[in-house]
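Engineer: here is the input, now give the coordinates:
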Amino acid sequence: MSRQYFEPFALREARHSDLDGLLDLEGACFDSPWTREAFEQEIELPQAELWIVSEEEEGPPCAYVNFWIAASEVSLLNVAVHPSQRRRGLAGRLLRWMEERGREGGGESVFLEVRRSNAAGLALYLREGYDQVGIRKGYYGDNGEDAIVMSKTLDGGSKPL
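Structural biologist: Next up, the predicted model:
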C-alpha cells in the first residue's frame, strides 16, 4: 500500500513540529486528550509509529494513527479523525495502513481497547474485521468506563490467543 492510497490527503510520520497540530486534533476528538508529553514520547519510542494525515504535505494533521509493533503483536493506541473530515474513509485507511506496517514488522495480530460507549469506534473495528476478545472493567481512569478488547489476525499470521 503506497501513500498514494490516501490521496487527496498526504500521509507522513509525525515530527516534533506536528505537536501543536496533534494537540489541537486531540482536543477536537476526545474528552480526555493526550498530553504534549505523551505525544513526545510516542515520537521518540523506537517501537512506536505515529502517522498523520493532512490536507497538504506539510499541513496540520486532520487525522492520525498511533501504534506499537512489538514481537508478533501490533497494539493500536489511538486513531483519530477531525470531526470535519469524518465519513471520508480516513479511519479505515489508517487501520489498513497500520495492519500493513504491522505485517512488514513481523506482526501476526492486532490488539486494541475501545470505550464501551464509543459506538462509532466499535462499528469501525467490526467493519474492519476485528473481533471482541474481552473486557477490561474500569479501564479508563477519567470515568472508570470499561474497555472492550478487540483483536484481528493479520494475513499470514497465527490466530491470536
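Engineer: and residue 108, how many neighbours?
Structural biologist: If you count neighbours by other Cβ atoms under 10 Å, residue 108 ends up with 18. In short, each C-beta sits where N, CA and C put it, glycine included.
Engineer: pretty sure it is touching residue 151, no?
Structural biologist: No - Residue 108 is beyond contact range of residue 151, at 10.5 Å (criterion: Cβ atoms under 8 Å).
Engineer: point out where the protein drops to low pLDDT.
Structural biologist: Along the chain, segments meeting pLDDT under 70 span 1-3, 156-161.
Engineer: cutoff 80 now
Structural biologist: Scanning the chain for pLDDT under 80 picks out the ranges 1-5, 156-161.
Engineer: list the buried residues for the lengthiest helix in the chain?
Structural biologist: If you go by DSSP state H, the chain has its longest helix at helix 90-104. Buried residues in helix 90-104, counted by 16 or more other Cβ atoms under 10 Å: 90-91, 93-95, 97-99, 101-103.
Engineer: could you do stretch 70-90 as well?
Structural biologist: So for stretch 70-90, counting by 16+ other Cβ under 10 Å, buried means 73-82, 85, 90.
Engineer: swap in stretch 38-57?
Structural biologist: Buried residues in stretch 38-57, defined by neighbour count with 16+ other Cβ under 10 Å: 39, 42-43, 48-54.
Engineer: which stretches in the chain count as strands?
Structural biologist: Taking DSSP state E as the test, the strands found in the chain are 10-13, 48-54, 61-70, 73-81, 109-115, 131-136, 147-153.
Engineer: how about TSV for these, with distance to residue 31 added?
Structural biologist: Listed next are the strands of the chain as TSV, based on distance: least, Cβ to Cβ, whole Å:
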stretch	distance to residue 31
strand 10-13	27
strand 48-54	21
strand 61-70	17
strand 73-81	12
strand 109-115	10
strand 131-136	18
strand 147-153	15
